[in-house]
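J.: return a 3D structure for these sequence lines:
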Amino acid sequence: MSTDDRDLRDALSKARRALSGGGPLAVLSGAGMSAESGVPTFRDAQTGLWERYDPTELATPEAWRHDRDRVWAWYRWREHLVSTAPPNAGHTAVARAERHRQVVVVTQNVDDLHERAGSTVVHHVHGSLFAHRCDTCGEPMHPGPPSAAPTDHLEPPRCPRGDGWARPDVVWFGEMLPSAAWEASVSAVTGASAVVVVGTSGLVHPAASLPTLAAETGIPVIEVNPGPSGLGREVDVHLRAPAGRVLPDLLAD
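T.: Have a look, this model is predicted:
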């Protein structure tokens, strides 16, 4: 057994002890967890006819006002790409943990992979690619599945209630987080017996503040990240491995 394998085994044992109380568990997931499923990032979606566009300039209210057909086309293309990615073993392990304890997922991801794996309580702090709402009245809209063929302009459906248009129900740069999802996330983290943070850089705020809130309350924080820690001293145990490798063992009954 290599030194790295021995260190991971010891860290996993320590992490399992931190979860042994059996109380509510909060799982915070970031882009690293989705990457294990092959979910394309902003940059990965910039292929073919989209190569000449800066994705950070498409994900803004200003871009929507300037050229909504282009933004809608890009998001529908991303929606199609993400829909083909399956949940990985980490997502499945989180869902199966509900068999023996209360589990609440707080995710920065917009891909719905936790729900597709079977998790029943998921708070999306950045929204979902698969949800849509009117850009004026906010009512949910249902435009149907996206086309598999990319196009650089696509007119969104009009809202039947007024003069608005369907838009992705995601948080764009410069927008506030959805208050209900954020408040539920804070409650989940501060009311948990342990918090597992998976695949996040710890740089995107305010979501990055959630592990600190847990640590300040005395709740153990376990980080699952194959690279260097994205958090700080609030982490009690760092499992330096992919989610699909360690979460099945960590969360097993």
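J.: please state the offset of stretch 139-158 from the chain centre?
T.: Distance, stretch centre to chain centre, for stretch 139-158: 22 Å (C-alpha atoms, centre = their mean, to the nearest Å).
J.: show the average pLDDT along that stretch.
T.: Mean pLDDT, computed over stretch 139-158, is 93.
J.: now do the end-to-end distance for that stretch.
T.: Using C-alpha to C-alpha, to the nearest Å, the gap from the first to the last residue of stretch 139-158 comes to 12 Å.
J.: list the buried residues in it.
T.: Applying a neighbour-count criterion of 16 or more other C-beta atoms under 10 Å, one finds 141, 146, 150, 154, 156 buried in stretch 139-158. C-beta: built from backbone N, CA, C; applies to glycine.
J.: nearest to residue 198 among those residues?
T.: residue 146 (27.4 Å; C-beta to C-beta).
J.: if we can go back for a sec, and the two most separated of the buried residues of stretch 139-158?
T.: 141 and 150 (21.6 Å).
J.: distance check, residue 57 against residue 63.
T.: Distance of residue 57 to residue 63, computed by C-beta to C-beta, to the nearest Å: 6 Å.
J.: so for these two, which residue has more residues nearby?
T.: residue 63 (19 against 12; other C-beta atoms under 10 Å).
J.: I'd like the next helix or strand past the host helix or strand of the more buried one.
T.: Using DSSP states H and E, residue 63 falls within helix 61-66. Proceeding N to C from helix 61-66, the next assigned helix or strand is helix 68-83, under DSSP H and E.
J.: remind me which residues of the stretch 1-150 of the chain are low pLDDT?
T.: For the stretch 1-150 of the chain, applying pLDDT under 70 flags the ranges 1-3, 40-53.
J.: that one: helices as residue ranges?
T.: Under the criterion DSSP state H, counting those that start in this stretch, the stretch 1-150 of the chain carries helices at the ranges 3-18, 31-35, 61-66, 68-83, 89-96, 113-117.
J.: out of those helices, nearest to residue 127?
T.: Using C-beta to C-beta, the helices of the stretch 1-150 of the chain put helix 68-83 closest to residue 127, at 11.0 Å.
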